[in-house]
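Participant: 3D, please:
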Amino acid sequence: MLPRPRRPARRRGFTLLELVIVVTTMGLLAAVAVPRLTGVVTTRRVTAAAERVAADLRYARAYARATGTPVTVGFDEEIGRYTLVDVPPPVGSGGDYSVELGETPYGCVLELTVVPAASDLTFDAYGLPVSAGTSWRIEVSEGSTVGRVDVDVTTGETTVTTP
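Facilitator: Modelled structure (predicted):
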């Protein structure tokens with residue numbers, strides 16, 4: 001019986017060159033992906049903030065119709081806050097319903113574009129805007145990324161334009 005030929009010993013592991021190539025490739029992918037990921041996070045924050053403003057305006061309008069009383073939404077651009085006056089928060093304790101867009105999770109800047117200038121939007125008992133102004137636009141932004149909430153001054157309907 002003939003002896004079996006020996007197989008050459010298998011080398012296990014990776015060479016230094018293979019490891020350098022993999023690490024370099026991962027570094028290049030990270031260098032490309034991180035800036036894009038930051039942009040995506042910013043866009044999502046602005047979109048979430050704009051959708052939140054629109055939802056709260058719809059809530060104020062619905063609350064006015066449900067209770068048969070006017071509801072005022074007061075905006076404070078300086079600190080990035082809006083308040084639904086005499087409206088309880090959907091969840092939680094009593095008091096005015098207030099949202100700060102400059103805080104976590106949004107971290108956005110609030111800006112009003114109202115013609116003529118006003119800082120309060122009031123919905124009457126039928127959910128129609130009665131505040132001064134012929135057009136209402138609320139902008140939320142982070143850097144150059146801007147989301148817009150427009151309020152139709154004849155119907156009170158809100159539309160959201162996001163990046």
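Participant: Would you mind pulling the contact partners of the one helix or strand in the chain whose mean pLDDT sits lowest?
Facilitator: Every helix and strand of the chain was ranked by mean pLDDT, DSSP states H and E. The lowest is strand 109-115, at a mean of 76. Residues outside strand 109-115 that contact it (C-beta atoms under 8 Å, 6 or more residues apart in numbering): 75-77, 80-82, 101-102, 118-119, 132-142. C-betas here are computed from N, CA, C, even on glycine.
Participant: For the residue positioned nearest the centre of the chain, which non-adjacent residue is closest in space?
Facilitator: The centre of the chain sits closest to residue 48, judged by C-alpha atoms, centre = their mean, with a distance of 2.3 Å. Sequence neighbours aside, residue 106 is the residue nearest to residue 48 in space, at 6.4 Å (criterion: C-beta to C-beta, 6 or more residues apart in numbering).
Participant: and the one you found, how far is that from residue 136?
Facilitator: From residue 106 over to residue 136 the distance is 20 Å, taken as C-beta to C-beta, to the nearest Å.
Participant: out of the contacts of strand 109-115, which are buried?
Facilitator: 75, 80-82, 101-102, 133, 136, 138-142 (16 or more other C-beta atoms under 10 Å).
Participant: Tell me the one among those nearest to residue 69.
Facilitator: Nearest to residue 69 among the buried ones among the contacts of strand 109-115 is residue 82, at 18.8 Å by C-beta to C-beta.
Participant: dump the residue contacts of the closest one.
Facilitator: By C-beta under 8 Å, 6+ apart, residue 82 lies in contact with 53, 56, 73-76, 98-99, 101, 110.
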